[in-house]
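Visitor: Here is the input, now give the coordinates:
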Amino acid sequence: MQWERIVFRGHAVRRMFEWRIAKEEFVAVLRTGEVIMEYHEDKPFPSCLMLGFSGVRPLHALAAFDPAIWQPDFRTRRLS
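Guide: Below is the predicted model of the structure:
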């Protein structure tokens with residue numbers, strides 16, 4: 001999977017600093033984590049809460065994906 005662009009919001013950066021979570025750990029949650037909640041009505045983009053692990057440490061990540069690049073099922077990337 002290609003990661004073209006990840007934008008970290010201010011709240012996320014503060015929490016990552018506060019809890020000593022490296023960017024690489026967060027990206028690992030996005031790559032391998034499990035979606036545990038979906039927020040289809042979130043604005044400006046639908047989002048989901050993900051659970052992943054860094055070693056034995058559980059990490060939660062809230063992620064939103066730009067729907068313009070995804071099919072309606074959010075599992076398949078639109079063809080360019």
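
Visitor: hey, C-alpha coordinates of the helix or strand bottoming out on mean pLDDT in the chain in CSV?
Guide: With mean pLDDT, DSSP states H and E as the measure, the helix or strand of the chain carrying the lowest mean pLDDT is helix 23-32 (a mean of 90). Extracted in CSV, the C-alpha atoms of helix 23-32 (Å, rounded to 0.1, in the frame of the first residue of the first chain):
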residue,chain,number,x,y,z
LYS,A,23,5.1,8.8,13.8
GLU,A,24,6.2,5.4,12.7
GLU,A,25,4.1,3.7,15.4
PHE,A,26,1.0,5.7,14.3
VAL,A,27,1.6,4.8,10.6
ALA,A,28,2.0,1.1,11.7
VAL,A,29,-1.5,1.3,13.3
LEU,A,30,-2.9,2.7,10.0
ARG,A,31,-1.2,-0.1,8.0
THR,A,32,-2.0,-3.1,10.3
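
Visitor: could you point out which element follows it?
Guide: The helix or strand immediately downstream of helix 23-32 is strand 34-39, counting by DSSP states H and E.

Visitor: Who does that following strand pair with, and is each partner parallel or antiparallel?
Guide: Take DSSP bridges as the rule and strand 34-39 pairs in its sheet with strand 47-54 (antiparallel).
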